[in-house]
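Visitor: Attaching a predicted model along with its sequence, questions to come.
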Amino acid sequence: MDLLHPANTPRPAQINAALLILRIASGLAFVYHGSAILFGAFGGPGPEKFSAFLHMPVVVGYLVGLAQLGGGLAILSGALIRLGATCIIVVTLGAILLVHLPHGFDIGKGGVEYGLTQLLIAIALLITGAGAYSLATRLPKPLRKL
């Protein structure tokens, strides 16, 4: 047994791998949903129909789609992850409060289950950063913490 890393304590390489897996799972979902809202990809509504569903101005559809796509790409790549996680936190809070909360917890009934999971992952990534397996190291030093 290593004194610095007791048997049940993850090592840095394991933590970095776990962060990468979380980033892939969360980032892909938001790239998918953002593309559906922003461009109508994958049979998505596009910004006009998305905004109409929420009874909001069309600009909201563009902003939500951009936040999801940009936030998803930031989380996926690890570059500007805290900025991306913040975008995802704002959008997910909006989805939970405006759409899913009235339906309870169960995702099968349109509830908050999935949104809450993604919100907590984004908060965790905001706290931890991307980990070693990211493109953040390719950014100029002042931008690496974003």
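Guide: Looks like it arrived, so ask away. Numbering: from 1, shown residues only.
Visitor: Quick check: residue 129 vs residue 91, distance?
Guide: Distance, residue 129 to residue 91, using Cβ to Cβ, to the nearest Å: 20 Å. Every C-beta, even on glycine, is put in place using the N, C-alpha and C of the backbone.
Visitor: So those two - more neighbours on which side?
Guide: residue 91 (25 against 17; other Cβ atoms under 10 Å).
Visitor: name the element that one belongs to?
Guide: Following DSSP states H and E, one finds residue 91 within helix 81-95.
Visitor: That helix - what's its average pLDDT?
Guide: In this model, helix 81-95 carries a mean pLDDT of 98.
Visitor: chain center to it, what's the gap?
Guide: 6 Å (Cα atoms, centre = their mean, to the nearest Å).
Visitor: just the helices in this structure please.
Guide: Remark: helices assigned in the chain by DSSP state H are 12-39, 46-54, 58-77, 81-95, 113-128.
Visitor: any chance of these in JSON lines, plus distance to residue 102?
Guide: Formatted as JSON lines, the helices of the chain follow (distance: least, Cβ to Cβ, whole Å):
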{"stretch": "helix 12-39", "distance to residue 102": "20"}
{"stretch": "helix 46-54", "distance to residue 102": "13"}
{"stretch": "helix 58-77", "distance to residue 102": "19"}
{"stretch": "helix 81-95", "distance to residue 102": "12"}
{"stretch": "helix 113-128", "distance to residue 102": "13"}
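Visitor: for those, which one sits closest to residue 104?
Guide: Closest to residue 104 of the helices of the chain, according to Cβ to Cβ: helix 113-128, at 8.9 Å.
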